[in-house]
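> need coordinates for the following:
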Amino acid sequence: MVNIVDKVDDLVSVERVLVSVSDKRGLSELIPGLVEVNAAVRFYSTGGTYNAIAGILGADLSARHLIAVSEYTGQPETQGGLVKTLDFKIYLGLLTETYNDDHRADLVRTDAVPIDMVVVNLYPFEATVAREDVTVEQARANIDIGGPCMLRAAAKNYLRVVPVVDPADYPRLLAALRDGQGRLDLTTRFSYARKAFAHTAAYDTAIAAFLDSQDPEAIPGAYLLA
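Numbers count the residues shown, from 1 in each chain. So this is what the prediction gives:
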């Protein structure tokens, strides 16, 4: 059944931020800026992004602000890090609607928390396939799954969540948060949602175009068939 919402908050505080980025430009300004805006902010992250944030914050601030996604979900990263953020608690935190009693009950039942912001950019598929010597397997390995899922979930729930896909937007985002005393309004969240859906659409289009350019008959030659 489609869930239709009529009541939302215009201003939403950014208290919990999920960060997973291939392009780490601007993190050294964004992360301290978010701490400055909200001294109680919590970052949820994995892998290389987690390590980058830990390095930016230092040991003392990391202990207060940084949480490993595996610690939050109770599930270790699997398959050499291939599965990290595809977890029920993550998507419950992204898709929960503020005034939905069933959603609030699910948060309590699973010991989950609402996530207010997603900062995600995707595996560099287009840069990978632009190389002259790229193989179809290298292209396949650079198809991001978790990133687009998180962005789409956050963008769908612009009622409460803001998705951020572009490091160039970090200064504008921080300025809006400072002006709003740590809160973002619905208009701002909607504008970021539009950009997130455009971003994932372009990403999927690039993947489809590359796969369409390949001869299916040649694909078996790229692998050692068992």
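> what about the closest residue to F125 other than its chain neighbours, distance to T128?
Nearest residue to F125, sequence neighbours excluded (C-beta to C-beta, 6 or more residues apart in numbering): N142, at 4.8 Å. Where C-beta positions appear, they are placed from N, C-alpha and C, glycine not excepted. N142 is 4 Å from T128, where distance means C-beta to C-beta, to the nearest Å.
> since we're on the residue nearest to F125, how many residues are nearby?
Neighbourhood size, N142 [other C-beta atoms under 10 Å]: 18.
> could I get the full set of strands for this structure?
12-13, 16-21, 42-45, 66-68, 117-121, 162-164, 183-184 (DSSP state E).
> the residue nearest to F125 touches Y123, doesn't it?
Yes. Under the criterion of C-beta atoms under 8 Å, N142 makes contact with Y123 at 4.7 Å.
> which residue sits closest to V118, ignoring its sequence neighbours?
Using C-beta to C-beta, 6+ apart and skipping the chain neighbours, the partner closest in space to V118 is A154 (4.0 Å).
> right, and the one you found touches P148 too?
No. A154 is beyond contact range of P148, at 10.8 Å (criterion: C-beta under 8 Å).
> who's more crowded, these two?
A154 (30 against 20).
> quick one: the nearest residue to D166 once chain neighbours are set aside and L173, what's the gap?
Leaving aside its sequence neighbours, D166 sits nearest to K195 (C-beta to C-beta, 6+ apart; 6.9 Å). Separation of K195 from L173 (C-beta to C-beta): 11 Å.
> so which of those two has more stuff around it?
L173 (23 against 16).
> list the residues that contact that one.
L30, V162, V164 (C-beta atoms under 8 Å, 6 or more residues apart in numbering).
> need those residues in a markdown table (columns: pLDDT, neighbour count and distance to L95).
Output for these, formatted as a markdown table (pLDDT from 0 to 100; neighbours: other C-beta atoms under 10 Å; distance: C-beta to C-beta, whole Å):
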| residue | pLDDT | neighbour count | distance to L95 |
| --- | --- | --- | --- |
| L30 | 98 | 24 | 24 |
| V162 | 98 | 26 | 14 |
| V164 | 98 | 23 | 17 |
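> what is the burial count for the nearest residue to Y123 once chain neighbours are set aside?
Nearest residue to Y123, sequence neighbours excluded (C-beta to C-beta, 6+ apart): D144, at 4.0 Å. If you count neighbours by other C-beta under 10 Å, D144 ends up with 20.
> separation between L186 and Y192?
11 Å.
> contacting residues for the nearest residue in space to R194 that is not next to it in sequence?
Among residues not flanking R194 along the chain, A155 sits closest, at 8.0 Å (C-beta to C-beta, 6+ apart). Shown in contact with A155 (C-beta under 8 Å, 6+ apart): V161, P163, Y192, A193, R194, A196, F197, T200.
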